[in-house]
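Visitor: I would like to see how this sequence folds:
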Amino acid sequence: MKRLFLLVSLLVLSKFSAQTWATEDQYIQKFAKYAVEEMEKYKIPASITLAQGLLETGGGQSRLAQEGKNHFGIKCKEDWTGKTMKHTDDAPNECFRVYDDPRQSYEDHSLFLSTRKYYANLFNLDMKDYKAWAHGLKKAGYATNPRYASILISKIEKYRLYEFDETNSKEALYAVLKMYPDLKDDRTFMAQLQPEKYTKKAKEAVTVEVPYKQTSYAQQQKRVEKIKTKAEILNSILIKSHPNDGLKYIIIPEDTNVQFIAKKFKISESKLIKWNELDNDMLKKNEIVFLESKNSDGNTATYKAEYGEDMHDIAQKFGIKLNKLYAKNRMDEGQKPSAGQLIYLIDKKPRN
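Guide: All right, here's what the predicted structure looks like:
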């Protein structure tokens with residue numbers, strides 16, 4: 001009897017473990033159809049779109065994907081009028097687009113590639129040549145990582161994403177099922193293939209966007225902060241490492257003053273004011289404050305100023321001394337950049 005019980009238990013566990021997918025497998029199962037739909041509309045290989053989504057979101061686990069439904073790390077730019085969120089990428093508190101649904105993010109990614117002149121040559125490539133597309137994206141400046149093309153190709157080949165380049169939107173879910181045959185035991189997934197076999201209630205459940213079970217750290221923090229006092233929030237400030245050479249900085253979580261920060265981190269008020277080029281001792285929520293002297297150069301060559309930003313905002317965002325930033329751009333102290341203006345963060349190379 002005990003042996004029979006053990007055998008049944010092992011069979012149950014085996015069936016359960018077969019459906020416990022890694023995050024990247026879950027991502028493919030959930031979003032492959034979107035990539036195929038975009039391929040049909042914009043002639044971008046589904047394998048490329050899906051591999052970029054996997055890479056950008058860490059298999060759907062990134063903060064941008066979970067909170068902003070932003071799967072491709074697209075920043076606000078001057079033409080974006082939708083919702084936004086702040087996120088640290090090349091610099092702290094950069095502006096990123098927020099979507100109501102991941103499908104919108106996939107559509108916007110397609111528009112981003114198909115409407116910008118830098119990527120025009122990609123659309124002369126064979127749509128089924130994912131290697132040429134991967135190298136073409138890197139050559140066009142889509143990413144700064146020198147291994148970007150090889151990383152995309154590796155993901156495409158690891159998960160056989162090239163198979164989605166051979167299908168269409170009506171058959172995309174069948175292609176997923178072929179890739180993951182154990183999904184036949186998933187009633188929610190199967191209902192998408194043959195909804196007539198399920199009740200009306202089950203059909204409605206299928207149309208609901210099912211979030212990942214894992215709650216993000218940011219979401220947990222929001223719940224906790226609702227019951228925290230202002231003093232508790234200020235006392236919980238953590239020192240961060242800036243992308244520009246690891247400079248130490250913090251982001252002010254609530255309005256406060258220089259005296260509080262100086263006392264908390266045991267740094268003189270005069271140094272904080274000097275390092276951050278402050279003109280008063282009041283610090284606003286979400287303001288960036290450096291705990292050491294900033295650098296003379298940025299960690300990226302150029303940046304396009306956003307609407308409403310001044311040079312101090314940009315200096316803080318990229319960890320550059322304000323006077324150096326003015327000098328690099330041949331601007332007078334106090335002069336403001338216009339929206340979309342190209343700001344140099346590293347000295348331009350002299351002409352020969």
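
Visitor: any idea how far the lengthiest helix in the chain is from the chain center?
Guide: Assignment by DSSP state H gives helix 23-42 as the longest helix of the chain. Remark: helix 23-42 is offset 17 Å from the chain centroid, using C-alpha atoms, centre = their mean, to the nearest Å.

Visitor: after that helix comes which helix or strand?
Guide: Next in sequence after helix 23-42, counting helices and strands by DSSP states H and E, comes helix 46-57.

Visitor: so for the strand or helix carrying Ser270, mean pLDDT?
Guide: Using DSSP H and E, Ser270 falls within helix 269-275. What helix 269-275 shows for mean pLDDT is 91.

Visitor: cool, stretch 183-198 as well?
Guide: Averaging pLDDT residue by residue across stretch 183-198 gives 68.

Visitor: quick one, strands of the stretch 201-350 of the chain?
Guide: 240-241, 248-251, 256-257, 282-283, 288-290, 302-304, 342-344 (DSSP state E, counting those that start in this stretch).

Visitor: how far does the last one sit from the chain's center?
Guide: Yep, that's strand 342-344 we're talking about. 23 Å.

Visitor: flag every buried residue along that strand.
Guide: The neighbour-count check on strand 342-344 (16 or more other C-beta atoms under 10 Å) flags Ile343, Tyr344 as buried. Backbone N, C-alpha and C define where each C-beta goes, glycine included.

Visitor: run a quick neighbour tally on the closest residue to Phe265 other than its chain neighbours.
Guide: Once flanking residues are discounted, Phe265 sits nearest to Leu291: 5.8 Å by C-beta to C-beta, 6 or more residues apart in numbering. Using other C-beta atoms under 10 Å, Leu291 has 19 neighbouring residues.

Visitor: ok, Leu291 to Ile267 distance?
Guide: Going from Leu291 to Ile267 by C-beta to C-beta, to the nearest Å gives 6 Å.

Visitor: one more: Lys77?
Guide: Distance from Lys77 to Ile267, by C-beta to C-beta: 36 Å.

Visitor: ditto for Leu111
Guide: Look at Leu111 and Ile267: by C-beta to C-beta, they are 46 Å apart.

Visitor: residues in contact with Pro253?
Guide: Ile233, Leu234, Ser236, Ile237, Lys285 (C-beta atoms under 8 Å, 6 or more residues apart in numbering).

Visitor: same question, Ile151
Guide: Leu55, Asn145.

Visitor: how many other residues sit next to the residue nearest to Lys83 when sequence neighbours are not counted?
Guide: Distance criterion C-beta to C-beta, 6+ apart; nearest residue to Lys83, sequence neighbours excluded, is Val98 at 3.9 Å. The number of residues packed near Val98 is 18, by other C-beta under 10 Å.

Visitor: next one: the one 5 residues further on
Guide: Residue neighbour count, defined by other C-beta under 10 Å, stands at 17 for Arg103.

Visitor: average pLDDT for the one helix or strand it maps to?
Guide: Arg103 belongs to helix 102-114 when assigned by DSSP H and E. Mean pLDDT, helix 102-114: 94.

Visitor: sorry, back to before: the contacts of Pro253 in helices, which ones?
Guide: Using DSSP H, the contacts of Pro253 in helices are Ile233, Leu234.
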